[in-house]
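1. Give me coordinates for this.
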Amino acid sequence: MKPIPETKNALVLRTDFSDVAAWESLCAAVRKPVGDFQAYVDFISDPEYDGITTSQAISLIPADSNRTFFFIIDHLALSHPDHPVLVVDLYTEPGRTFRVIPGEIWGVENNLSLANMDFAEFADSTDRDGVFRGFPES
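-> Model prediction:
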């Protein structure tokens, strides 16, 4: 299997090709600005990656990549009503994951890309289902 290509922005990798309409809808939700904020992401939709596991995806990231995390749109993200996208750490605890709803991807992407927050700050703030839905209002 070929290495996952480098992207200018944060990577969103499609690993499920079972529902084109759900994929397109989820991409639109990820791209949608939230107030003044938006996620800066590039989508990779290549059938060669259909069905790969998180571990396989990690192994396909080039060793010299500067990437510290990436997103996976898998079967659960496409089929679950909340469309929780998988976030994968490549830096502090490689392989650690959590899920995030599309409306909160901008915050995860912006803060991790700028190293403004750590992966664990998001991963440790998920609900009982392991999904990050935003930080509680103070």
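
2. Following whichever strand or helix holds F43 in sequence, what is the next regular element?
-> Per DSSP states H and E: F43 is located in strand 41-44. Proceeding N to C from strand 41-44, the next assigned helix or strand is helix 54-59, under DSSP H and E.

3. With just CA atoms, put that following helix into PDB.
-> Output of helix 54-59 as PDB, limited to C-alpha atoms (Å, rounded to 0.1, in the frame of the first residue of the first chain):
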ATOM      1  CA  THR A  54      -5.800   3.000  12.400                       C
ATOM      2  CA  SER A  55      -2.500   1.100  13.000                       C
ATOM      3  CA  GLN A  56      -2.200   0.500   9.200                       C
ATOM      4  CA  ALA A  57      -2.900   4.200   8.600                       C
ATOM      5  CA  ILE A  58      -0.200   5.200  11.100                       C
ATOM      6  CA  SER A  59       2.300   2.900   9.400                       C
END
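
4. so how far is the helix or strand following that helix off the chain centroid?
-> Counting by DSSP H and E, the element after helix 54-59 in chain order, helix or strand, is strand 69-73. Chain-centre distance of strand 69-73: 3 Å, with CA atoms, centre = their mean, to the nearest Å.

5. List the buried residues for strand 69-73?
-> F69, F70, F71, I72, I73 (16 or more other CB atoms under 10 Å). Just so you know, the C-beta spots here come from the backbone N, C-alpha and C atoms, and that holds for glycine as well.

6. for these, which one is nearest R14?
-> The nearest member of the buried residues of strand 69-73 to R14, counting by CB to CB, is I73 at 5.0 Å.

7. How confident was the prediction at the closest one?
-> With respect to pLDDT, I73 has a value of 98.

8. do Y49 as well
-> The model's pLDDT for Y49 equals 98.

9. Apart from its neighbours in sequence, what residue is nearest T92?
-> Closest residue to T92 apart from its sequence neighbours, by CB to CB, 6 or more residues apart in numbering: F119 at 5.5 Å.
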